Structure formats: structure tokens, C-alpha cells
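>>> Fold the following.
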Amino acid sequence: MKIIGLTGGIASGKSTVTKYLRQQGYTVVDCDKIAWELAEPDCSIWQVYFARYGSKVINPDRSLNRQAVADIVFRDKKELDAINSLVHPLIKDEMMSQVKAAVDEGEKVIFLDVPLLFEASYDKLVDEKWLVYVSRDTQLRRLMSRNDFNHDEAVRRIDSQMSLEEKKKLSDVIINNNADRKRLRRQLDEKLEHLRIEGE
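As a prediction, this is how the structure comes out:
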């Protein structure tokens, strides 16, 4: 059994990679999806935000006002670090529960889709680290286009994460996504074929 940590940066194309992996039949445990579900009203992450910020981050229907949270944490590095230290253990527990379930079902390769693989020390949980990589210029251009951010907002979001250049130094496998999807799929097919040969 092999656990592979898949990471990238905002607008690097990681979601495109995870979608393709699922299409090929692989189990992908999605850290962001877990975080989203745990932030539903009265769930564990929702409670963390409410305890720290009060009603200013809660909508009238009691759902989490994610934009209000983003406005706080992406403008204050210390606050982002503090929130991460509270939230990540909750996500990690659920993630490992899902990994155990996949192992119990006989899965041989499990991908952990974790944006903060290195920052939150999830890399210690995996056997191999894969990075979806793009240049900073490509990342900036795609983020501005995708989210309709101005330049300063896009830069702030990118700089709130560890740079892809730093992640590149820590990764075992680099998936270059600067080109088109055809080239991306070709790289993934090569990596997956190597995994299949390893598992035989």
C-alpha cells in the first residue's frame, strides 16, 4: 500500500489532476472537501471560527461566511497561522479515517490531495510527494482570470502559501502544468504506469 501526497498552489491545476486520477479509478482523499464539510453549521471547524471571531463570520442562515474569514486571515499572517494550528488537526483526523477506510477496502494506492502538504506537515504521513507545478507568472495569470482578482489580491493569495519553487525542492515527483491538458495527461499516464509496474 502506498500513500501519495498531491499538492500544488492556488491556480496550479491540482483539481484538474485529481479529477483525472479519479477517472482512472484511484482513490483521492480531498483535504479541501473535508475542510468544507467540517465547516458546515455546528461542525468542528465552524465552531473554531465562531469561537474565535463570533457572529461577524456567520451568515444569517448560520452558514460560515467564508469571504469574511478570508478577509481576516489572508491579511494577517499570524492569524492565518493561528487558525491553521486549530483547524489542521481536525482535518487530519478525518483524512486518516478516510485513508483507513480505503485500505480496509483493499486499495493499493491512495492519493491525499493536500494544498498545505508541507506547511501543515502532512508530508510526514505519505510515502511519496507529488507537486503540480506552474511558473509564478502562469499562476498569477490563471488566478486573476479564474477568480476575477486584481493583481494585488492575486499576489496576496499566492504569497499566503509556500512558493511552488520551495515545494519543488521538497517533492519527489514534479508534474509540470505550464502547457495544455494533453501534455498534463501524458505526464500523469507515465507516472501512473510507473506506479502500476511498481505494484506488480
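
>>> mind checking how far Pro60 is from Asp30?
From Pro60 across to Asp30, the span is 29 Å (CB to CB, to the nearest Å). Yep, even glycine has a C-beta here, placed from its N, CA and C like the rest.

>>> what's near enough to touch the residue nearest the centre of the chain?
Geometric centre of the chain, nearest residue: Pro115, 2.5 Å, by CA atoms, centre = their mean. Neighbour list for Pro115: 7-10, 14, 31-32, 161 [criterion: CB atoms under 8 Å, 6 or more residues apart in numbering].

>>> Going along the chain, name the helices of the chain.
14-23, 31-38, 44-53, 66-73, 77-104, 136-147, 151-159, 164-170, 181-199 (DSSP state H).

>>> Now render the ones you listed as TSV, adding mean neighbour count and mean pLDDT.
TSV is the format used below for these (neighbours: other CB atoms under 10 Å; pLDDT from 0 to 100):
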stretch	mean neighbour count	mean pLDDT
helix 14-23	17	95
helix 31-38	17	94
helix 44-53	17	97
helix 66-73	15	93
helix 77-104	15	93
helix 136-147	16	94
helix 151-159	15	92
helix 164-170	15	96
helix 181-199	12	91
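
>>> closest to Leu125 out of the ones you listed?
Closest to Leu125 of those is helix 77-104 (CB to CB; 7.3 Å).

>>> got the end-to-end distance for stretch 10-17?
Chord length of stretch 10-17, first to last residue, is 13 Å (CA to CA, to the nearest Å).

>>> sorry, that was for stretch 168-187
16 Å.

>>> now swap in stretch 117-135 and tell me
Termini of stretch 117-135 sit 19 Å apart (CA to CA).

>>> same thing with stretch 101-114?
18 Å.

>>> buried set for it?
Neighbour counts using 16 or more other CB atoms under 10 Å place 102, 107, 109-114 of stretch 101-114 among the buried residues.

>>> Run the chain-centre distance for stretch 157-174.
Stretch 157-174 sits 12 Å away from the centroid of its parent chain (CA atoms, centre = their mean, to the nearest Å).

>>> same question, stretch 108-115
For stretch 108-115, the separation from the chain centroid amounts to 10 Å (computed by CA atoms, centre = their mean).

>>> For the remainder of this discussion, apply numbering that starts at 53.
Sure, I'll start numbering at 53, so the last one becomes stretch 160-167.

>>> for it, what is the average pLDDT?
Averaged across stretch 160-167, pLDDT comes to 95.

>>> Figure out which of the helices of the chain is closest to Ser173.
With CB to CB as the yardstick, what comes closest out of those is helix 129-156 (8.4 Å).

>>> so what secondary structure elements neighbour the closest one?
Helices and strands touching helix 129-156, by 3 or more CB pairs under 8 Å, 6 or more residues apart in numbering; DSSP states H and E, are strand 79-82, helix 83-90, helix 96-105, helix 118-125, strand 161-165.

>>> Kindly recompute the last result at 6 Å.
Applying 3 or more CB pairs under 6 Å, 6 or more residues apart in numbering; DSSP states H and E, we find helix 129-156 packed against strand 79-82, helix 83-90, helix 96-105, helix 118-125.
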